[in-house]
Each structure stands twice: as structure tokens, then as C-alpha cells.
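S.K.: Here is the input, now give the coordinates:
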Amino acid sequence: MDSPEARLTDVEYLEIQCKSALNSVKGMGFQWSLNPYIGCEHRCAFCYVRAYELRADRPFDDRYGRTVRVKVNVAGVLRSELSKRSWRQELVVIGAATDPYQPAEGKYRLTRQCLQALLAFSNPTGLITRGPMIVRDIDVLTELAKRADLTVTFSIPTVDHDVWRRTEPGTAHPKQRLRALERLVTAGIKAGVAIAPILPGLSDRPDRLEAVIKAARAAGAANLWAGMLHLRDGTRQHFMSVLARQWPELVPRYERAYLDRQYLPSALSEAPMKEVARLRALHGVADRRTIRLEPPPPPKQLSLLG
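M.R.: Numbers count the residues shown, from 1 in each chain. Sure, this is the predicted structure:
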């Protein structure tokens, strides 16, 4: 697998101009996403975005993440969109397709600029990331949390070193993400953990699930949710190639489980999801922030009847 040093030396950044910043999405629990970058240096083997890359006729295999398109004007476009009279201050989620705190952010700081724009308009915001670089923006995040609803989710599928290293070759160690989460929670920001995706035969063992949940609880996670691996075309081919190299004994199991389907059958997904729910309750994962940064309630509407 790629070492972090190799990853940093063989990525090409292409600076582009975007026509829009906000993307309308369906079936994801929110309506608007924002991605300052196209392509992700983290190169997770299971990334569902590989399916979209295939549809766009871009590399979805080992070449994915070696070219990152940088939307250099994204913050300015975002400000224009937020200023429209038609905009209703709906929730905007950053990082649904590409990690907003991948290494490119260290150079371009586009995520920070977008957060500053959202702050200026007091707009509800969500962040999804595997990048501990987020701590650089605690100053902006704390101000945003005082003006609008803000939730940060750290994706931590596993804390097992071997599974992490082989399936998330470009990401920071899970312990670094947990330390970043703890810093945000200490600052009063609502932050939680997503155990996603859970990988059958690799990270779905009860002891491995419990290790993540105990670590999340110790770091102060305000919430925790989980999801099983799904394999669309593009993601399927790459993930199965990684499985064949790293865990060939599991290939037949996956071929049976995902035969002619994208999602794991409920008969196979029910047990690990129930285990997550049990362990979450057992270890008491809940919002225990000693400082809670919350936006003020909306002003009461004066009755016209007096």
C-alpha cells in the first residue's frame, strides 16, 4: 500500500473554476452538499465516490486520488449563492463526496474559506471528515456554532491498525481523528463518530466494533451511527481487487454476499447493526459537553393581535 510520503509526492492538483458551489442531493438525509475538491487523496478502498467517477469516465481504480481538482473560486461562488433571496438557510453538508480536510486543504484552505462564508450568513452546517487537520479551523467553527446549528462527524470505520492501513491508505491514523474530535468537543462543538462502512469479516466482529465505540466515548463523541459497506459498480471492482490482494480468503464470502446487489442483505447486516446499538447504549455514548456552543433561539414573533 502507499506510504504517506509516496502519497504526498505523486498527486497532481488541477486548479479549476466552478459555476456552482452548492449541490442538490437526494437520499442522503440532507438536501445540499458542498465539496471544495473533486477527487480525494485518502483513496479509501471502499469509497462510494468511485462509482460516480466511473460514471463520469474518470479513473476509479488505483489511479483515483492521484489527481485532485481544486475549485479555487468555490468560496466566492458560495457567498453569491447564500446571498440570493431564494436561499432558505437550509443545512449544507461539507464532505459528502470528497474529504474537505484532505492534504490539499493544507495548501489551498478552501474549506476554511467556505466555513467563513457560511459563518457570515449564519447558515446551518455539517462536516464529514477523516482529517484531523480540522483542528486548524476551531476558531471559525466555534463562532459558527454560536450562530447556527453545526455538527461535525468523524468517519472512523475501525481502530484496528491492520484493517485501517490496508483499506484507508491515505488517511490519518484513527487515533489522530479521535484526538481531533476530543479537541472540538472540549471547545464546545458538537462532534460525533460514524462507523462507516462496516466491512464484513474485517471490522464487524463485536470486539472490533466495541473498540471503536469505547474510543469514541472516551474522546467525548456526542453521537454515533454506523452503516454497512455497499458496493456499486466502480467501488465494487476496486474494493474486490484490494480484497483479493490483502484478504483473498474473503473473496468468496463477498462474492456470495453481494451477488447481483449493491447492499448487504438484511439477514447479514442485522446482527452487526444491532450490536452497534447495544454497545452504544452499554457505553453511554451521548452529548456530555461541559461547554455547549449553541445558536440563540430565533426571536419570538410578535402577535399582530396584541
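S.K.: rest of the way, CA atoms for contacts and neighbours
M.R.: Noted.
S.K.: For Ala104, which residues are in contact?
M.R.: Shown in contact with Ala104 (CA atoms under 8 Å, 6 or more residues apart in numbering): Tyr13.
S.K.: Which residue ranges of the stretch 201-306 of the chain form helices?
M.R.: 206-219, 235-246, 251-257, 266-282 (DSSP state H, counting those that start in this stretch).
S.K.: can these go into a markdown table with extra columns for mean pLDDT, mean neighbour count and distance to Asp137?
M.R.: Output for the helices of the stretch 201-306 of the chain, formatted as a markdown table (pLDDT from 0 to 100; neighbours: other CA atoms under 10 Å; distance: least, CA to CA, whole Å):
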| stretch | mean pLDDT | mean neighbour count | distance to Asp137 |
| --- | --- | --- | --- |
| helix 206-219 | 98 | 20 | 19 |
| helix 235-246 | 96 | 18 | 31 |
| helix 251-257 | 97 | 13 | 40 |
| helix 266-282 | 97 | 15 | 29 |
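S.K.: got the buried residues for stretch 131-145?
M.R.: Of all the residues in stretch 131-145, those buried under the rule 16 or more other CA atoms under 10 Å are 131-135, 137-138, 141-145.
S.K.: ugh, typo on my part, it should be stretch 77-86
M.R.: So, applying 16+ other CA under 10 Å, buried residues of stretch 77-86: 77-79, 82.
S.K.: Looking at the buried residues of stretch 131-145, which two lie furthest apart in space?
M.R.: Maximum pairwise distance among the buried residues of stretch 131-145 (CA to CA): 20.3 Å, between Gly131 and Glu143.
S.K.: Sort out which one of the buried residues of stretch 77-86 lies nearest Ala194 for me.
M.R.: Leu78 (26.9 Å).
S.K.: what's near enough to touch the closest one?
M.R.: Leu78 makes contact with 20-22, 114, 117 under the criterion CA under 8 Å, 6+ apart.
S.K.: Let's verify it: helix, strand, or coil?
M.R.: Of the three states, Leu78 takes helix under DSSP: H, G, I helix; E, B strand; the rest coil.
S.K.: Generate CSV for the buried residues of stretch 131-145, with secondary structure and pLDDT as supplementary columns.
M.R.: As requested, the buried residues of stretch 131-145 are exported to CSV (DSSP: H, G, I helix; E, B strand; the rest coil; pLDDT from 0 to 100):
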residue, secondary structure, pLDDT
Gly131, coil, 97
Pro132, helix, 98
Met133, helix, 98
Ile134, helix, 98
Val135, helix, 98
Asp137, helix, 98
Ile138, helix, 98
Leu141, helix, 98
Thr142, helix, 98
Glu143, helix, 98
Leu144, helix, 98
Ala145, helix, 98
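S.K.: Need those residues in TSV (columns: distance to Ile38).
M.R.: Below are the buried residues of stretch 131-145 laid out as TSV (distance: CA to CA, whole Å):
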residue	distance to Ile38
Gly131	16
Pro132	19
Met133	18
Ile134	18
Val135	22
Asp137	21
Ile138	24
Leu141	23
Thr142	27
Glu143	27
Leu144	25
Ala145	27
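S.K.: Compute the first-to-last residue distance for stretch 62-80.
M.R.: For stretch 62-80, the first-to-last residue distance is 37 Å (CA to CA, to the nearest Å).
S.K.: typed the wrong thing, it's stretch 27-36
M.R.: 21 Å.
S.K.: before we move on, back to that, so which of the helices of the stretch 201-306 of the chain comes closest to Ala180?
M.R.: Across these, closest to Ala180 is helix 206-219 (CA to CA), at 8.9 Å.
S.K.: just the angle between the closest one and helix 266-282, please?
M.R.: Put simply, helix 206-219 runs at 40 degrees to helix 266-282, going by axes from the mean of the first three to the mean of the last three CA atoms, to 10 degrees.
S.K.: tell me which strands and helices helix 206-219 is in contact with?
M.R.: Applying 3 or more CA pairs under 8 Å, 6 or more residues apart in numbering; DSSP states H and E, one finds that helix 206-219 contacts helix 174-186, strand 191-198, helix 266-282.
S.K.: Out of the ones you listed, flag the one nearest Arg253.
M.R.: Closest of the helices and strands packed on helix 206-219 to Arg253 is helix 266-282, at 11.4 Å (criterion: CA to CA).
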